[in-house]
Structures are given as structure tokens and as C-alpha cells.
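Student: no sequence on hand, only this structure:
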């Protein structure tokens, strides 16, 4: 299960079932079957109708989405409502784009072989869309992925951020309420990332780049445990704060060993420990809680 918590005080909001690899295969199979069934592709006028109905449904629930964005994402309510308005506009824009979505005529008669011939392009759905969304705009980023897929007639599987999946789930419910048949938009919710695969993941991921910044003596990095453990084990970085957040995925603060005693890093450490002490509900302390004073002493 995925526990979704309130950004402000980490209090539970909801629990969602976590999909596994078999569930992903089933969803991919469903999406691929819909794409290959060309006679039953959704006609453009139907896609326009569905998107306009979806925009109206989101408009009706504007306040609800605003509160949900604020709760799971931590935005001020004013900004959360602005994000909702942008999402509604994005859905309408996708519908309106279909009115001018067309191919073009290719000039013929330029050679003897093309005399008395006509040619043109016709845009068609390209295939199944796999969408992975971020946490910072939990509604609008999902709209940016789902709405264009619906407009272009592509089945889409969307994976929301583990920390902020509820807006995606609620939006997909409205997509179906708006009339989109089952299978054309599916969610994939999972927080299970094999540690070995994560450690060998893209060197351009945000976590990997933050570790590289710490190794380059640019300060502290806040990274997920599955990405940091290899760097910690190799001795590249150390953990200056022996506390872990009470979240489904743990995070480490890491810094270059020789930088751990720098005044700015120690000052940040002292400030953070003060914040932790004032809000103990946010933190799960380790049994032996202390500041590692030597390069060889690491508290995990």
C-alpha cells in the first residue's frame, strides 16, 4: 500500500493499493489492444466532447482539487487554486487543438512522374503513451500528459508521483465520468523500486546529480535512501544527521566527508535538528542518535 500524507504535518490522508510488475503488464496489454483495434479508435468529435465534459467536471470540483493539491503537495491554497485553473484551461486547449489538427498537402507535379497526382499527410495516433509525473504540480502536470493523449487518440498509462498521487486518481475518475471508455487512461501507482536497479539508474536523475554535487563539495544533498546507499557504502559521502523522516521512502542528508565540519554545514545541521526537536511527529529517531564526529563514524 502507498500511504499518502499531508505535506504540512505528515498526518495520513489516504492509502492506495500499490501496483506490481504484473499489474503493469496487464495495463500495457490493455492499452496495446485498444491501440491495435483501429476500427474502434475514438473519433475526433468524441474526443472533443469528452475533453469539454472533463473540463466542466473539474471546474465543478475546483475547490476540492485546490484543497487536495494543498494537502498532499503543500502549496498555499491560493496557488493550488491557480494550478486548478491552469489545469482546466489545459484540458480546454487540448480539445480546441483538435479543430486545427490536420495534415498538409504535399506539392506534386514537380516531376514528370508526379503529374496529375495528389499527396497529403494525415496525423494519426502514434501508440501507447507512458507518462511519469512529478510531485510539484500534482494536477496540472497530469493534465499536461493525459489531455494531449486523449486529444490525439492515444491510450495512456500515467504514473503519478508517489508523494502526490491523489489528484491523478481523482482526475482519472472524472475522465471516465466524462465518457472516455475504460482502458484509454489508466493509472500506475507504485513505490516499489528495486534497490539494485535504482543504484544503477540514470546518472542524470535528480538524486544522482545531487549526490554528484555533494561529492563536488557543493554542500548537502537530500536524496532517497535507495540512491544514496551505494555512495555511502563506497565512502564518497557520509550522513551528518542521524534521523530519518517517517515517510514510505526514507531520505538521507549526505555530504562529502571532509566538508562535514564546515561552519555552514554544521549551522544547517543545528538548524534542522532544532526544527526536528520542535516537531517530533515528523521524525523517527534512531536508537543511538548522535552527530558523527569522525570520518569513520556513520549513523544510519
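Tutor: Structure's in. What do you need? Note that this is a predicted model, so its numbers are computed, not measured.
Student: count of residues packed around residue 259?
Tutor: For residue 259, the neighbour count with other C-beta atoms under 10 Å is 18. The way it works is simple: take the backbone N, C-alpha and C, and place the C-beta from them, glycine included.
Student: surely it meets residue 265?
Tutor: Yes. Residue 259 lies in contact with residue 265 (C-beta atoms under 8 Å); the separation is 6.0 Å.
Student: break the chain into its domains for me.
Tutor: The chain is divided into the following domains under automatic domain parsing: 2-187, 195-285.
Student: I'd like these laid out as JSON lines, including mean pLDDT.
Tutor: Supplementary listing: the domains of the chain in JSON lines, determined by pLDDT from 0 to 100:
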{"stretch": "domain 2-187", "mean pLDDT": "93"}
{"stretch": "domain 195-285", "mean pLDDT": "61"}
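Student: now residue 181: how far from residue 48?
Tutor: Using C-beta to C-beta, to the nearest Å, residue 181 is found at 15 Å from residue 48.
Student: of the two, who's got more company?
Tutor: residue 48 (18 against 12).
Student: am I right that that one sits in a helix?
Tutor: Yes. Under DSSP: H, G, I helix; E, B strand; the rest coil, residue 48 falls within a helix.
Student: report the contact partners of the closest residue to it other than its chain neighbours.
Tutor: For residue 48, ignoring the flanking residues on the chain, the nearest one in space by C-beta to C-beta, 6 or more residues apart in numbering is residue 95 at 4.9 Å. Residue 95 makes contact with 47-48, 51-52, 55, 151 under the criterion C-beta atoms under 8 Å, 6 or more residues apart in numbering.
Student: contact partners for residue 69?
Tutor: So residue 69 contacts 75, 80, 83-84, 138-139, 167 (C-beta under 8 Å, 6+ apart).
Student: from those, which land in helices?
Tutor: When these are checked against helices (DSSP state H), the matches are 80, 83-84, 167.
Student: reformat those residues as CSV; add neighbour count.
Tutor: Below are the ones in helices among the contacts of residue 69 laid out as CSV (neighbours: other C-beta atoms under 10 Å):
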residue, neighbour count
80, 23
83, 24
84, 25
167, 29
